[in-house]
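A.B. asks: need a structure here:
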Amino acid sequence: MARRGAGTPFLLRLSLLLLLQLGGEWGPSRTLGCALVAVGSPVVSLGSAVTASCTIRSELCRGLEQGKVQITWMLDNEPVAGSQHQGPGGTEVSNLTLPQFNRTQAKLWCWVEWNGTKQRVGMAEIRAGYPPAKPFNLSCILNLSDYGLTCRWEQGADSHLPTSVTLKSHPFRCRRSRAPAVTGCTPQGGHSHCTVPRRLLQLYRQMEIWVSAANALGTAESEHLCIDPMDVAKLDPPALQSIQSIPFQTDCVALAWEVARSNAHMELQCELRYRAPEDPAWALVTGIIGQAGTTQRCGFLFGTQYHFQMRCRRSSARGYWSEWSLGRNYTTHEKAPTGKLDAWWSARPAGAGGRLEVQLCWKAPRRREANGRVLGYRVTLSPRRRGRDPHTICNTTHTQCNFSAPVGTRRVYLSAYNTAGESAATEVVLLERKGQPLAGLRAVPGGERSLWVCWEAPPAPAAAYVLEWQRVSSEPGRCSACWQMERDGAATAALIRDGIEPFQRYNVSVYPLYKDAIGVPSHIAAYSKQKAPSYAPKLHLKSISKSNAELCWDPVPVEMQNGFITSYTIFWANSTAEVSSATVNPSLSSFVIRELKPSTLYKVHIMASTAAGGTNGTSLTLVTMVLDDIEIQFLFLTLGLIFVLLILLLICFQKNGRVKQQFWPSIPDPANSSLGKWVPAELQQEPLQVPSVREPGLATISTVTVLERAAGKQPSAWGKEPATTTAGTFPAPPQPYVRQEGPGAPGRGGAAAEPRQGRGGSGEAVQYARVVGGGYKGQQHAPPRLYLRSSSTQPLLLDPSPSPKPYENLWFHGAAPHGSPGDGGCPEEPPATFPLLQGLRISGAEELHDCRTF
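C.D. replies: Down below sits the predicted model:
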């Protein structure tokens, strides 16, 4: 059927699938009936070479015999290349070599490609890893509750292969016996411990124990352990029964205990440990016989609570210690305090009354001297005597006392007391502070919270030293926390710890104590640890010029300095990023930046530095000036001087007539000229000839009347009649008039004709002339100026009548309609170019068309 359907791809695929189903279960080398996949070894060392082959028998794979068989390989999902050739019996063989197999586990597939379709016909699974590592740190413990031997060990590196681990034992192998080894136990769940049951053990006899690990690449064993199971037994801890002091007022205690029942038949040795809550470590007592049940121990402090524990093991010094027993607390009995108290004082006169104010400080007694809990302290002015208690001036639970004493008091007595009694009084001598100081003093960090203070001994031998220290710019704490006494007069160093914190400054003082005086103190400042300041100061601009800028700042508070300020550094930069800097002494709080460019913007900031680092401040922006203050003052002074000189020159010009005449020459007043006072004698006999308006030709003026202005009369506005003056003051100037000839004209003795304002009026055109007297203030004998106006286009001619004085500079301008100044007619005012004639005007009733000069 397959042959008949060889041309159908679907039937061929179905045949191959049936062949795959007939292949059955697949093992490490999974094949079809017509294919065989073989590998050199299914388990290899990691990184080694792997060889494999795939053999295809075409006659067994129906449907493949008509085509050429092509074999390919796949390692998991990655194709690998093999070499194919023809084998014996008409088989097709493909060989594959992987030179370096770096996978811990992979599947190698053999594929057959026929008619464009790939089918898997065989598979081999390969694993890679290492031989098992050697187990180490083997140890065993015998549990006396069930007498099982529990052993523990540590595995080596992972082998990446399935590994079997077993704990083996041999009862007689330590004696070189040839008996076979016995499997003691096998760990479960990948653990590295297991327990050998009691039935496989021989107590009180030597036996050999070891751990064996095996996989496909090899076997490894741990070190062999030869032990007696009882030597590794871990006993149960004893139980403390009672603790008591014996006898009374001594430092010894008695302890009683009971061993566990499982250990009652054994010889045991035990250890005792104890400590007080303040102790950093345990005190250990060894060599205690377990069966004794009791022991005594001395050296305990009075009035102190202790914690006790106990443990035991076999007396053969083999095996393991039991766990520590449950703890038991016990407080020893108290005793009156002993020893002297370290005291320090300051005294000053109380003012009126002859009293002395004393501040007395002292250190609490050490634990070994307190002999219990101190209830209080007592200060008296005299020592305690038999049968008589002195007067108490201070009774307190604190370690300082302020009291008043009579002037001249040189000694006070201090004592401590508890429930068992009172200590012997410590004599405190109030010495004067006038002795020699130390030769030298320095302080270095002893840690983050301590300081080493070192000094050079003074010339005179000292009995003791007192060290005082105080945090800078902070409220002082209790007196006991800021001073301490060194009773060794030969000491040259001391470690202070109380109240010392990192990044804070402390002032330290050292007083040498002599027999009859207290030395003058020596002082030093110190830090236990430094870092960069918390922040830098803020810059302020104090003054600025075109090339200098003065800056100032407030110092960083001591609490924020975090160390000694070693320097301030000023940085400034302009818009072109030219950066400059200067280092300033930390004692200064101002700085002047010099050689700046005028009218330039700068950004400035400051950095505060300590030995541990620096911190930058905020930036300040400033702009230099164009001129300095001195230059600005000089400029204003120069302008002021120039202004004053100008004022002075003006005053000089005003007062000095000659100078004034040079700059403002005097112009003659036409009103005071002879022309202004002259009236022709034949004014009434000579008529004025006026040509007809319609008749072109020359206009003739026969008479010109020159009127003189009355004395003191102000000139009127040009073109208007002067105002009439009041009677008795000034005579009214005569009205301008002309003689008119022709029909209807008045006679020689008639009145003057009224002037008309234009051509549009009734009657004939009237020509007229006016002479107005006027001039500048202060002008003398200025000749008048004469203007003629006519309605005719012909030039107006002045009648050449004889006059008392000649006329000069008579000027006529081109005519304009109605004599308008803007229309090119005769000007409203005479031009300044002819100053000799002013105030004389001859005007006509009609348009002016021409102005001529005589």
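
A.B. asks: and stretch 636-644, average pLDDT?
C.D. replies: Here stretch 636-644 scores 90 as its mean pLDDT.

A.B. asks: same deal with stretch 564-573?
C.D. replies: This predicted structure assigns stretch 564-573 an average pLDDT of 95.

A.B. asks: repeat for stretch 390-397
C.D. replies: pLDDT averaged over stretch 390-397 equals 91, rounded to a whole number.

A.B. asks: now it, how far from the chain's geometric center?
C.D. replies: Mean-position distance between stretch 390-397 and its chain equals 56 Å (CA atoms, centre = their mean, to the nearest Å).

A.B. asks: cool, stretch 512-525 as well?
C.D. replies: 45 Å.

A.B. asks: Same check on stretch 158-172?
C.D. replies: Chain-centre distance of stretch 158-172: 63 Å, with CA atoms, centre = their mean.

A.B. asks: So for it, what gets flagged as buried?
C.D. replies: 159, 161, 163, 165, 166, 167, 168, 169, 170, 171 (16 or more other CB atoms under 10 Å). Bear in mind the C-beta positions are built from the backbone N, C-alpha and C, glycine included.

A.B. asks: In contact with residue 193, which residues?
C.D. replies: Contacts were defined as CB atoms under 8 Å, 6 or more residues apart in numbering; by that measure residue 193 touches 150, 151, 152, 153, 187.

A.B. asks: go with 6 Å
C.D. replies: Going by CB atoms under 6 Å, 6 or more residues apart in numbering, residue 193 touches residue 152.

A.B. asks: before we move on, what about the one 10 residues further on?
C.D. replies: By CB under 6 Å, 6+ apart, the contact set of residue 203 is 229, 230.

A.B. asks: how far does the host helix or strand of residue 523 sit from the chain's center?
C.D. replies: Using DSSP states H and E, residue 523 sits within strand 522-527. The chain centroid and the centroid of strand 522-527 are separated by 31 Å under CA atoms, centre = their mean.

A.B. asks: swap in stretch 328-336?
C.D. replies: Here the centre of stretch 328-336 is set off from its chain's centre by 57 Å, with CA atoms, centre = their mean.

A.B. asks: again with stretch 418-428
C.D. replies: Shown here is stretch 418-428, whose average C-alpha point lies 57 Å from the average C-alpha point of the whole chain (CA atoms, centre = their mean).

A.B. asks: what does it contact?
C.D. replies: 334-337, 340-341, 343, 372, 374-375, 383, 411-416.

A.B. asks: Equivalent analysis for stretch 464-473, please.
C.D. replies: With contacts defined as CB under 6 Å, 6+ apart, stretch 464-473 is touched by 344, 453, 476, 482-487, 489, 494, 496, 504-513, 558.

A.B. asks: Would you indicate which residues of it are buried?
C.D. replies: Of the residues in stretch 464-473, those with enough neighbours to count as buried (16+ other CB under 10 Å) are 465, 466, 467, 468, 469, 470, 471.

A.B. asks: could I get these as TSV with pLDDT and distance to residue 86?
C.D. replies: Conversion of the buried residues of stretch 464-473 to TSV gives the following (pLDDT from 0 to 100; distance: CB to CB, whole Å):
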residue	pLDDT	distance to residue 86
465	95	107
466	94	109
467	94	103
468	93	106
469	93	101
470	90	103
471	90	99
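
A.B. asks: Can you report how many residues neighbour residue 111?
C.D. replies: Look at residue 111: counted by other CB atoms under 10 Å, it has 18 neighbours.

A.B. asks: Low-confidence ranges, the stretch 601-750 of the chain, go.
C.D. replies: Within the stretch 601-750 of the chain, the set of residues satisfying pLDDT under 70 comprises 657-660, 662-664, 675-750.

A.B. asks: so residue 593 touches residue 547, yeah?
C.D. replies: No - in terms of CB atoms under 6 Å, residue 593 does not count as a neighbour of residue 547; the distance is 9.2 Å.

A.B. asks: about what we covered before: and the strand holding residue 523, what does it pack onto?
C.D. replies: For strand 522-527, the packing partners by 3 or more CB pairs under 6 Å, 6 or more residues apart in numbering; DSSP states H and E come out as strand 440-447, strand 505-513.

A.B. asks: Figure out which of the ones you listed is closest to residue 250.
C.D. replies: strand 505-513 (36.3 Å; CB to CB).

A.B. asks: tilt between that closest one and strand 522-527?
C.D. replies: Computed by axes from the mean of the first three to the mean of the last three CA atoms, to 10 degrees, the angle separating strand 505-513 from strand 522-527 equals 150 degrees.

A.B. asks: How about residues contacting strand 505-513?
C.D. replies: Counting by CB under 6 Å, 6+ apart, residues outside strand 505-513 touching it are 438, 441, 443, 453, 455, 458, 462-472, 518-519, 521-527, 558.

A.B. asks: Tell me the helices and strands packed up against the helix or strand following that strand.
C.D. replies: Toward the C-terminus, strand 505-513 is succeeded by strand 518-519 as the next helix or strand (DSSP H and E). Judged by 3+ CB pairs under 6 Å, 6+ apart, strand 518-519 is in contact with strand 433-435, strand 505-513.

A.B. asks: ok, and for the first one, which residues are buried?
C.D. replies: The neighbour-count check on strand 433-435 (16+ other CB under 10 Å) flags residue 435 as buried.

A.B. asks: neighbouring strands for that strand, and are they parallel or not?
C.D. replies: Taking DSSP bridges as the criterion, strand 433-435 sits next to strand 518-519 (parallel) in its sheet.

A.B. asks: which outside residues touch the partner strand?
C.D. replies: Strand 518-519 is touched from outside by 431, 433, 435, 436, 437, 511, 512, with contacts defined as CB under 6 Å, 6+ apart.

A.B. asks: Mind doing that once more with 7 Å?
C.D. replies: Contact with strand 518-519 is made by 431, 432, 433, 435, 436, 437, 458, 511, 512, as judged by CB atoms under 7 Å, 6 or more residues apart in numbering.

A.B. asks: Tell me the gap between stretch 439-448 and the middle of its chain.
C.D. replies: Mean C-alpha position of stretch 439-448 versus that of the full chain (CA atoms, centre = their mean) differs by 32 Å.

A.B. asks: next one: stretch 631-651
C.D. replies: Centroid displacement of stretch 631-651 relative to its chain, using CA atoms, centre = their mean, is 55 Å.
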